[in-house]
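**Q** Here is a sequence with its predicted model. Questions after.
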Amino acid sequence: MPQESDFLLFAGTSHRELAQQTAKCLGITLGNIHIETFPDGEIGVQILENVRGRDVFVLQTIAQHPNSYLMELLIITDALKRASARSINVVIPYFGYARQDRKDKGRVPITAKLVANLLETAGVTRVLTLDLHAEQVQGFFDIPVDNLLARPLLVEAIKTLLLKNPIVVAPDIGSIKLARAFAESLKIEYAVIDKRRVNAKQVESNALMGSVVGKDVILIDDIYSTGATLITAARVCRQAGAQSLIAAVTHGLMRGKALEESAIEKIFLTNTIPLSRDTIPAQVEIISVAALLARAIESVALAQSISSWLH
Ligand code: R5P
């Protein structure tokens, strides 16, 4: 482990618990920072450590209140830049606004590119994130972006269930690559559902490509938002003869309430976004990404390879 004086890790207000867990894995304490909201709603920040000439990491997840957390991250970055930090590495476990990554209809923004521009302009020198919605978003930056994978953690969790006849199912065409990677890691087959999104809250799933008859289905996705995608996929698999259903998802935005009534018996979800045991459905098991983030921070701080251990 690097010495505490080698680098500093600060936390924004979005996910202090994960930042603390990550710091613990690194054997350090979080850097002191004062963040306040002025009476008019503006955010004020003061870094309470000397950062001159130091490599600094800031953990901030862009979810739940994405607009204020993004703005807060930009303001923290500005403060660090003006305090002469040597490098400003932002650790963004959930990269919000990434889903709007292309102009698929007229007169819409590309928010993923806008956020990339904002971060770079503020002074960020590296982004460490996890399961970006689309890997191409890395190309929106002209600084290094390390896109970590939650899959190895989720695969280990799935293995503990000792499923007898498992198959991975992608709930939509966009998840095929992810499904193939899970299937390869688990050494099993995969199937795909053809999803059509009706609007932001509703999806329709029709054709199932592959057979799930008598199978223990493992639905995978990068994001659980309203739950419409997974719950509809679960219904399709059940109607197609699936024996049992579980799910493994990286980012739990948890904006819907229907999971309890669905046929999904268990869902492994990482803590890239704060999840409160009191408010999430009983079938959710939380998998911490703290050790993964810590290892990546350590690799960056020591200028070591990430790809050599990330798979
Ligand atoms: C879509 O492209 C994503 O991979 C997820 O499938 C989607 O964001 C999940 O959203 P929801 O839970 O609202 O269906």
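**A** Sure thing, it's come through. Numbers count the residues shown, from 1 in each chain.

**Q** all contacts plus neighbour counts: C-alpha atoms, from now on.
**A** Will do.

**Q** pLDDT below threshold where in the protein?
**A** Applying pLDDT under 70 to the chain flags residues 1-5.

**Q** Sketch out the helices for it, chain order is fine.
**A** 16-26, 66-82, 111-122, 151-159, 176-186, 228-239, 290-301 (DSSP state H).

**Q** quick one: which of these is nearest the ligand?
**A** The ligand lies closest to helix 228-239 among the helices of the chain, at 3.6 Å (C-alpha to the nearest ligand atom).

**Q** Report whether the closest one contacts the ligand.
**A** Yes - Helix 228-239 reaches the ligand (C-alpha under 6 Å from any ligand atom) through Ala228, Thr229.

**Q** In a markdown table, list the helices of the chain along with distance to Leu259 and mean neighbour count.
**A** Formatted as a markdown table, the helices of the chain follow (distance: least, C-alpha to C-alpha, whole Å; neighbours: other C-alpha atoms under 10 Å):
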| stretch | distance to Leu259 | mean neighbour count |
| --- | --- | --- |
| helix 16-26 | 24 | 20 |
| helix 66-82 | 23 | 20 |
| helix 111-122 | 29 | 18 |
| helix 151-159 | 19 | 16 |
| helix 176-186 | 21 | 18 |
| helix 228-239 | 7 | 21 |
| helix 290-301 | 26 | 20 |
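
**Q** got these as TSV, with distance to Ile218 columns?
**A** As requested, the helices of the chain are exported to TSV (distance: least, C-alpha to C-alpha, whole Å):
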stretch	distance to Ile218
helix 16-26	26
helix 66-82	30
helix 111-122	29
helix 151-159	8
helix 176-186	9
helix 228-239	10
helix 290-301	23
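
**Q** Quick one: name the residues of the chain near the ligand.
**A** Counting by C-alpha under 6 Å from any ligand atom, the chain sits next to the ligand at Lys201, Asp221, Asp222, Ile223, Tyr224, Ser225, Thr226, Gly227, Ala228, Thr229.

**Q** closest one to Leu59 among the helices of the chain?
**A** helix 16-26 (6.2 Å; C-alpha to C-alpha).
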